[in-house]
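Asks: Here's a sequence, model it:
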Amino acid sequence: MSEHVHAVHPEPDLVQLLTPEGQRVEHPDYPLEISDDEIASLYRDLVLVRRIDTEAIALQRQGELGLWASLLGQEAAQIGAGRALKPQDMAFPTYREHGVAHCRGVDPLTLLGLFRGTNLGGFDPREHNFNLYTIVIGAQTLHAAGYAMGVVRDGAVGTGNPDRDTAVLAFFGDGASSQGDVNEAFVFAGAGNLPVVFFCQNNQWAISEPVERQSRVPLYMRASGFGFPGVRVDGNDVLATLAVTRKALNDARNAQGPTLIEAFTYRMNPHTTNDDPRRYQLASEAETWKLKDPIERVRAYLTRQTGIDADFFTDLEQEAKELGEHIRSGCRTLPDPTPESVFDSVHVSITDDLRAQREDFVSFVSEVAS
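Replies: Numbering: from 1, shown residues only. Prediction:
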């Protein structure tokens, strides 16, 4: 691995370990020992997740999906945070955390099923320790705080057992930080010293509302008012995001309480495929952020400062093509849900009343169809 340099960071409060030019730098509070092969693995994650996003947008434009929420530009924030999780940790996403889902082993077709309307948005969160996508803005932070309360009551924090101690990671955006649910979650987390890390992807825009109209101070500073630390990380730097999130999660597992991470990044695509950002964004703004592309900076590091073989990039390109084909063909063949499936995955054990309702509903649908 090449030698690191001590550099002056573009902002004194911004944690950065890899510059937009692909240069490794050190941060005194967030050292990161990582091999070039591990960095190459993170690069693979970034490329594959962007391919998932690209294919999903194309499918929506072709009428195969009703909607899609793109993560273009936010890959590093999600991959860095997702790879900091341990198997026993629980993640609570919004509706845009496709990169975290990838890290947790969720098949992208499962995510596409939600936006296609074939799986009713449901899967078993316990299978991957990854909760369901949440459309209600900010609600997942309260879900995360409640889960963290359960972790404490189960005695799964601060025991010193690395295979048992558990942390919770809650994702939300800068727009959600203005919601009551998020601030209530902060209150519970701070007062209860809960093992939860709040991960805010500040992509600069709450749909059409710029972040400077929501807060007069940087978002990470809000944490101090609730009694726990906040930190701002370069959200386009996968190494810095990994290091910062890993430390916050370790603190949570060791009963040191919550942390608020503000990943400073940018949404390169519309809020969703139903949005037109040309109505409120300047083209020059996006062009500036393209120079900070999270994938290009890792590629620059790998190609200029490591001995990664060129075959790695060729093989990855082929893997991405195969993933794209899996997504295209798989999406179009997702089976439509049966009418009675709306009753599935609601209760652990179905009650007699619900069983009767399901039978009546199935009979009604059958009669209408005939």
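
Asks: List the contacts of the closest residue to G180 other than its chain neighbours.
Replies: Nearest residue to G180, sequence neighbours excluded (C-beta to C-beta, 6 or more residues apart in numbering): G138, at 7.6 Å. (C-beta placed from N, C-alpha, C; glycine too.) Residues in contact with G138 (C-beta atoms under 8 Å, 6 or more residues apart in numbering) are F172, A176, Q179, G180, D181, V182, A185.

Asks: And for V49?
Replies: Contacts for V49 (C-beta under 8 Å, 6+ apart) come out as L71, E75, Q78, I79, H98, G99, H102.

Asks: A185 too?
Replies: Going by C-beta under 8 Å, 6+ apart, A185 touches G138, T141, L142, A144, A145, A170, V196, F198.

Asks: looking at it, I52 is touching A320, isn't it?
Replies: No. I52 lies out of contact with A320 (C-beta atoms under 8 Å); the separation is 9.3 Å.

Asks: For these two, indicate the residue with more neighbours.
Replies: I52 (24 against 19; other C-beta atoms under 10 Å).

Asks: any idea of the mean pLDDT for the host helix or strand of the more buried one?
Replies: Assigned by DSSP states H and E, I52 falls within helix 36-61. Mean per-residue pLDDT for helix 36-61: 98.

Asks: Return the set of buried residues in it.
Replies: 39-40, 42-57, 59-60 (16 or more other C-beta atoms under 10 Å).

Asks: how about the helices in this protein?
Replies: Ranges of helices in the chain, per DSSP state H, are 36-61, 75-82, 98-103, 108-116, 125-128, 139-153, 180-192, 238-253, 283-290, 294-305, 310-332, 352-369.

Asks: who's in contact with S341?
Replies: L120.

Asks: Could you check how far it is from P335?
Replies: Distance of S341 to P335, given as C-beta to C-beta, to the nearest Å: 10 Å.

Asks: Same check on F361?
Replies: 19 Å.

Asks: Compare neighbour counts for the two and give me the winner.
Replies: F361 (14 against 8).

Asks: OK, contacts around the residue positioned nearest the centre of the chain?
Replies: Nearest to the mean C-alpha position of the chain, by C-alpha atoms, centre = their mean, lies E97 at 3.3 Å. Going by C-beta under 8 Å, 6+ apart, E97 touches L71, Q78, G82, A91, Y133, F171.

Asks: most surrounded residue in these?
Replies: Highest count within those by other C-beta under 10 Å belongs to Q78, 31 neighbours.

Asks: Can you report how many residues neighbour the nearest residue to that residue once chain neighbours are set aside?
Replies: Nearest residue to Q78, sequence neighbours excluded (C-beta to C-beta, 6+ apart): G99, at 2.9 Å. Residues near G99, counting by other C-beta under 10 Å, number 28.

Asks: Low-confidence regions, this protein specifically.
Replies: The chain contains residues with pLDDT under 70 at 1-12, 121-122.

Asks: hmm, 90 instead?
Replies: Applying pLDDT under 90 to the chain flags the ranges 1-13, 119-124, 207, 209-216, 277-278, 281-286, 305-307, 336-351, 366, 368-370.

Asks: Now, of the contacts of G138, which are buried?
Replies: F172, A176, Q179, D181, V182, A185.

Asks: For the first one, list the residues it contacts.
Replies: Translated: F172. Shown in contact with F172 (C-beta under 8 Å, 6+ apart): T94, I137, G138, Q140, T141, V182, F198, F199, C200, Q201.

Asks: First-to-last residue distance for stretch 59-69?
Replies: This stretch, stretch 59-69, spans 12 Å end to end (C-alpha to C-alpha, to the nearest Å).

Asks: quick one: buried residues of that stretch?
Replies: Buried residues in stretch 59-69, counted by 16+ other C-beta under 10 Å: L59, Q60, E64, L65, W68, A69.

Asks: Over to stretch 154-173?
Replies: Buried residues in stretch 154-173, counted by 16+ other C-beta under 10 Å: A156, V157, D165, T166, A167, V168, L169, A170, F171, F172, G173.

Asks: Brilliant, that's me finished.
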